[in-house]
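In: What follows is a protein structure lacking sequence information:
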DNA sequence: CGTACTCTTGTGTACGTACACAAAAGTATA
DNA sequence: TATACTTTTGTGTACGTACACAAGAGTACG
């Protein structure tokens, strides 16, 4: 007669020992006679013992602190949704005694990152979630955390090495392919310009991977007769599109599609809207500016990288790892959501 | 000096009463002198008392049983992912002492539904999740549950009335608009056939709502010059597309787009693939058959209704309502995911 | 045979909540 | 003032786990 859930008490009774002994066996704390050990293990093998997480955590009664290290959303609005994700996760895991602390750094300033990373280590948290923008510095931080025994997860940007416990983000190569597939649906052929903004900025790998996927897809047979060109621009920190960009848009009337590999598609859209050009424009991320042009029709599709969910999942994963000692999933790839003006609202939330 | 979390013990000390009295106040169990009541309430208003859910549930130590009432996936494969969603949710909430029991009914047979609904009531669960295919019968069941005090949520199909506590699904009208927006991106104009399969089947409302959204979107100015026609077919239970359908596809070479409002787009795709027609085809749901044609290119886009997540969320919502007495969200609309061959893999799992 | 020691096992208590029950305080009646 | 009764308050215990500590069993040696 099997029960649904067994307790240490049940096991003790079955093995005819005390619950203290059972506990020692379960936690491998030694000091158990060979014979007794076997007796208990036999019972443990028979039944499927699952410790009651509620009781376990109640007993432990520890408050875990998680550090969230991300770029300042007031400097790069791409990171704005991370705050919402953090907040949502915070409410949820607060019940289980996990607290969050946010550390923001300037995404254009390496020093700012290292300073905040130092601050994190100083505060000695029980876990950390990191957006590893700067490769070298992030690697250093990961190793420091590893030494300090702080489990750490990364999101948004994958960093292949270091003491990372898990990654949450998107397959960038594949996301380039998705963009390609959209162009091949909408256009039969023609010139498509691939535009990178601020490639000197840390996330060059992002753009390269996307371009690689994009070109790979459209290079396949039967996807259309496309001519692909790549271009790099600096986005002005504020306001109007730069001169070079304006120049380019004027001098390239034959372009029938534009693929922007960053969240700055609105820069292009602004110019497109001015000239009533009917170029097909695909970009990334649900920034307010992008959304505006998506609704106007100047942007045809946006690909949603979902930083909010990335943050949310990263935090809850870490929290459950600490509180319920769930294993950390090594790699979690989020869907590459295709957004039009009509399904937009559901991704905003 | 404020603490992060207060316990009843803390409150008792602050109010200079025993924890038993605090408990009575918190749970409004009466038998507390006016004066004492005020003393405790004053403390409660000062601090933000959040009962420890772990301890609360540990004490309660009740196993909640949830009933899941869905159509038989072996009869309509659309419901297959619900099993995966159920399983995933089951693992998660099992830790909190919530058990699931599945009840499947024949989606083509009202009697089968009422029989299973009866079975659910017989088993007297602590909560229920329902796919309310049959309107009248579902309403009856909802009311029965209401009388029996069983909290119930619905998913997939919205049922505006009855004793429902919450709904999880998609905005069908809007999903029709999404399909419309995709056609307007890919085609400039021409004839688009809207095809309903098995409209006699219970989910006629689904199809009508989708068509309404679809027509509304494409009827707007500047969306293109489209000519929309509606058609109804029966899908054969097994195997080859029906004669009428074959007839239709032959006799309508001028059709440049087809919108299938159900999960049977593969029926059309099969015929399209035979004739190497280059009609634009958009349908619903990631059935194995649909996926096959999506990859081949015979289907251009699929709209993902995500029954797996619908089930998963419904169950976890109910479980958290029971175990952690979280309020049930009245209406949760999932994103209307646009799926191509390139982002497909991330929606599968 | 007693002492000192190790090895092994069992008991008690805490975590925070919820509730049963006992105890105390207050009120009414003889 | 004693008695019976109601109202109010406090204490004890359970949920299941984890760990400190006490107790018991066994061995070695003077």
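Out: Received it, and whenever you're ready, just let me know what you need. Just so it is clear, the structure is predicted and the values come from calculations on it, not from any experiment.

In: buried stuff in stretch A:111-121?
Out: Neighbour-count burial for stretch A:111-121, counted by 16 or more other CB atoms under 10 Å in any protein chain shown, picks out A:112-114, A:116-117, A:120-121. For the C-beta atoms, the positions are set from N, CA and C on the backbone; glycine is no exception.

In: out of the residues you listed, what pair is the most spread apart?
Out: Within these, A:112 and A:121 form the most distant pair, 15.3 Å apart (CB to CB).

In: Could you check which residue of the stretch 201-349 of chain A lies nearest DNA strand C?
Out: Ranked by CB to the nearest atom of the strand, the top residue of the stretch 201-349 of chain A for proximity to DNA strand C is residue A:323, at 14.3 Å.

In: Quick check: which element contains residue A:274?
Out: Using DSSP states H and E, residue A:274 sits in helix A:265-275.

In: That helix - what's its average pLDDT?
Out: Averaging pLDDT along helix A:265-275 yields 87.

In: same thing with stretch A:300-311?
Out: 97.

In: do the same with stretch A:184-197
Out: Averaging pLDDT along stretch A:184-197 gives 93.

In: Now residue A:335, what are its backbone angles?
Out: Backbone torsions of residue A:335, given as degrees, to the nearest 10, read phi -60, psi 150.

In: which ones are touching it?
Out: Residues near residue A:335 by CB atoms under 8 Å, 6 or more residues apart in numbering or on different chains: A:306, B:337, B:343, B:346-347.

In: I'd like the distance from the residue in the stretch 51-200 of chain A positioned nearest to DNA strand C to residue B:92, if you could.
Out: Relative to DNA strand C, the nearest point of the stretch 51-200 of chain A is residue A:59 (3.6 Å; CB to the nearest atom of the strand). Remark: distance between residue A:59 and residue B:92 (CB to CB, to the nearest Å) = 22 Å.

In: re earlier: okay, and the residue of the stretch 51-200 of chain A closest to DNA strand C sits in which element?
Out: Per DSSP H and E: residue A:59 is located in helix A:53-60.

In: again with residue A:17
Out: Secondary structure assigned from DSSP H and E places residue A:17 in neither a helix nor a strand.

In: That one contacts residue A:40, doesn't it?
Out: Yes. Using CB atoms under 8 Å, residue A:17 is in contact with residue A:40, at 6.3 Å.

In: Might you enumerate the residues of chain A proximal to DNA strand C?
Out: Neighbours of DNA strand C within chain A, by CB under 7 Å from any atom of the strand: A:17-21, A:24, A:31-36, A:55, A:58-59, A:61.

In: Listing request: residues of the stretch 151-300 of chain A with sub-threshold pLDDT.
Out: Residue ranges of the stretch 151-300 of chain A with pLDDT under 70: A:161-164, A:200-203, A:237-241, A:276-277.

In: residues touching residue A:216, list them.
Out: With contacts defined as CB under 8 Å, 6+ apart, residue A:216 is in contact with A:173, A:176-177, A:180.

In: and if you look at residue A:342?
Out: B:174, B:177-178, B:180-181, B:217, B:336.

In: again, 6 Å this time
Out: B:177-178, B:181 (CB atoms under 6 Å, 6 or more residues apart in numbering or on different chains).

In: cool, and residue A:173?
Out: Residues near residue A:173 by CB under 6 Å, 6+ apart: A:209, A:212-213.

In: how big is the angle separating the top helix by length along chain A from helix B:53-60?
Out: Scanning chain A for the longest helix, with DSSP state H as the assignment, gives helix A:307-324. Angle between the axes of helix A:307-324 and helix B:53-60 is 50 degrees (criterion: axes from the mean of the first three to the mean of the last three CA atoms, to 10 degrees).

In: What are the boundaries of the helices in the stretch 151-300 of chain A?
Out: Using DSSP state H, counting those that start in this stretch, the helices found in the stretch 151-300 of chain A span residues A:172-186, A:204-219, A:243-251, A:265-275, A:288-296.

In: just those: most buried one?
Out: Among those, helix A:172-186 has the highest mean neighbour count (mean count of other CB atoms under 10 Å in any protein chain shown), at a mean of 24.

In: circling back: tell me which of the helices of the stretch 151-300 of chain A sits nearest to residue B:268.
Out: When the helices of the stretch 151-300 of chain A are compared by CB to CB, helix A:172-186 sits nearest residue B:268, at 17.4 Å.

In: Quick check: the closest residue to residue A:92 other than its chain neighbours vs residue B:41, distance?
Out: Leaving out its chain neighbours, the residue that sits closest to residue A:92 by CB to CB, 6 or more residues apart in numbering or on different chains is residue A:316, at 6.5 Å. Distance, residue A:316 to residue B:41, using CB to CB: 35 Å.

In: who's more crowded, these two?
Out: More crowded of residue A:316 and residue B:41, by other CB atoms under 10 Å in any protein chain shown: residue A:316, with 17 against 14.

In: Close to DNA strand D: what parts of chain A are there?
Out: Neighbours of DNA strand D within chain A, by CB under 7 Å from any atom of the strand: A:7-9, A:19-20, A:23, A:26-27, A:51-52, A:55-56, A:58-60.

In: Please pick the buried ones from these.
Out: For the residues of chain A next to DNA strand D, buried by 16+ other CB under 10 Å: A:7-8, A:52, A:55, A:58.

In: Just list what the helix or strand in which residue A:25 is found packs against, helices and strands only.
Out: Under the criterion of DSSP H and E, residue A:25 resides in helix A:19-26. Where contact means 3 or more CB pairs under 6 Å, 6 or more residues apart in numbering or on different chains; DSSP states H and E, helix A:19-26 is packed against helix A:8-15.

In: distance between the helix it packs on and the chain's centre?
Out: Counting by CA atoms, centre = their mean, to the nearest Å, helix A:8-15 is centred 44 Å from the centre of its parent chain.

In: who does it touch, helix- and strand-wise?
Out: When contacts are defined as 3+ CB pairs under 6 Å, 6+ apart, helix A:8-15 packs onto helix A:19-26, helix A:34-46.

In: Please point out which parts of that helix sit buried.
Out: A:8, A:10-12, A:14-15.

In: between that helix and helix A:34-46, how big is the angle?
Out: Angle of helix A:8-15 versus helix A:34-46, following the same axes, to 10 degrees, is 120 degrees.

In: Report the buried residues of the longest helix of chain A.
Out: Those would be A:307-323, for helix A:307-324 by 16+ other CB under 10 Å.

In: Now do that helix: everything it contacts.
Out: By CB under 6 Å, 6+ apart, helix A:307-324 touches A:53, A:57, A:64, A:66, A:81-82, A:84-86, A:88-89, A:93, A:96, A:98, A:126-127, A:129, A:153, A:155-156, A:168, A:326, A:328.

In: Next one: residue A:295 from chain B, what distance?
Out: Taking CB to the nearest CB, to the nearest Å as the measure, residue A:295 falls 11 Å from chain B.

In: Not counting sequence-adjacent ones, nearest residue to that residue?
Out: Of all residues not flanking residue A:295 in the chain, residue A:341 sits nearest, at 4.9 Å (CB to CB, 6+ apart).

In: The one you found looks like it's in a strand, true?
Out: No. Counting by DSSP: H, G, I helix; E, B strand; the rest coil, residue A:341 is not part of a strand but coil.

In: Touching, it and residue A:294? I think so.
Out: Yes. Using CB atoms under 6 Å, residue A:341 is in contact with residue A:294, at 5.3 Å.

In: Now do stretch A:323-341: distance to the chain's middle.
Out: That offset, for stretch A:323-341, works out to 7 Å (CA atoms, centre = their mean).

In: I meant stretch A:142-160, not that one.
Out: 13 Å.
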